[in-house]
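J.: could you look at this predicted model? Sequence included:
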Amino acid sequence: MTLLQGQAAIVTGAGGGIGRGHCLHLAQAGAAVVVNDIDLAAAAAVVAEIQAAGGRAVACGLSIAARDSAFELIATCVEAFGTVDILVNNAGNLRDRSFLRMSDDEFDAVWLVHVKGTFWCSQAAALRMRDSGRGGVIINTASGAHFGNVGQTNYSAAKGAIASMTYTWALELARYGIRVNAICPLGSTQMTATLNTGSAKQSLVSAAAAKYVDPTLNGPLVVFLCSAKAQGVSGQIFGSGAERIAHLVQPHYGKTLVRPGGWTVEAIGQYFSALEGEFGALGMLGQPYPFRGGVTAPMLEPEATPPKG
């Protein structure tokens, strides 16, 4: 397959799992690939796989968790292959903890890699794409966790930010021929293996997906979105992996109540039930709205507070 022949791609966090799958499929489609991972040995192993199959790839061990190294990563692609046409922001981490126990370090560690790393790499790549006049494609990695997921305040916030950046960049970068989309991938990886799946917490993956799911199955959608076949697709987010391709509908206003002259507290109380009927499933697992009976204090001992400093 030569859908991406002559193009140069970068995949972050590509030493294994979902990122490795992206690299293998991009290379199979004809792209030259920079395999980026802080585990350089793992990245080199993916490069060896690609080269053994007749593809072109180089390994890069730079961390995306700093602006300078993110920009250096894009420069590495240009140096190796002459240009950058595709960036897949796949690198990520987890620091799961309940909201009341989460520390600043646990929040910042996830925000730095997911949000700022995605921002830095994308800005560097988009500047190169703009200046080349060739345009390009950015694929971000979001997650259904941005719908809400117990024990993942940091991760959910980061993925929600990435979704919003995807929408914004698609609007800003279209004038330069740069398309921006995102996927919410599914696959069994080192990250999912660390999730707490006990009865006290929801899992990042549903019970139906708790069995092994081949992480490389996200690659075909990435190739499609990077190709000319998706020329009219930008600012969209898709669930991928296993047997699914799902379109995530962009957040939008639902039922709206209008009252001439504005609202009073009394009038809101009179008509608010019309909105309550719209309250649907809550959280990434789509559980039925759980608060119709009210949210009341259990009068139990509070959870421990995070350490200060």
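T.: Done, it's in.
J.: and the helix or strand in which Ile138 is found, what does it pack onto?
T.: Using DSSP states H and E, the element containing Ile138 is strand 136-141. Using 3 or more CB pairs under 8 Å, 6 or more residues apart in numbering; DSSP states H and E as the contact test, the elements touching strand 136-141 are strand 86-88, helix 117-132, helix 153-173, strand 178-184, helix 219-226. Quick note: C-beta positions are derived from backbone N, CA and C, even for glycine.
J.: could you tell me the angle between that strand and helix 153-173?
T.: 160 degrees (axes from the mean of the first three to the mean of the last three CA atoms, to 10 degrees).
J.: what comes up buried for whichever strand or helix holds Gly269?
T.: If you go by DSSP H and E, Gly269 is part of helix 265-271. For helix 265-271, the neighbour count (16 or more other CB atoms under 10 Å) marks no residue as buried.
J.: export that helix as PDB, just CAs?
T.: The C-alpha coordinates for helix 265-271 follow below in PDB (Å, rounded to 0.1, in the frame of the first residue of the first chain):
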ATOM      1  CA  VAL A 265     -34.700  32.100  40.900                       C
ATOM      2  CA  GLU A 266     -38.400  31.400  41.200                       C
ATOM      3  CA  ALA A 267     -38.900  31.100  37.500                       C
ATOM      4  CA  ILE A 268     -35.900  28.800  37.200                       C
ATOM      5  CA  GLY A 269     -37.400  26.600  39.900                       C
ATOM      6  CA  GLN A 270     -40.600  26.500  38.000                       C
ATOM      7  CA  TYR A 271     -39.200  25.400  34.700                       C
END
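J.: just the mean pLDDT for that helix, thanks.
T.: Averaging pLDDT along helix 265-271 yields 97.
J.: picking that back up, show me what the strand holding Ile138 is in contact with.
T.: 18, 84-90, 92, 118, 122, 125-126, 128-129, 162-163, 165-166, 169, 173, 177-185, 222, 225-226 (CB atoms under 8 Å, 6 or more residues apart in numbering).
J.: related to what we said a few turns ago, now the helices and strands packed on strand 136-141 as CSV including mean pLDDT and distance to Leu73?
T.: As requested, these are arranged in CSV below (pLDDT from 0 to 100; distance: least, CB to CB, whole Å):
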stretch, mean pLDDT, distance to Leu73
strand 86-88, 98, 9
helix 117-132, 98, 6
helix 153-173, 98, 18
strand 178-184, 98, 17
helix 219-226, 98, 18
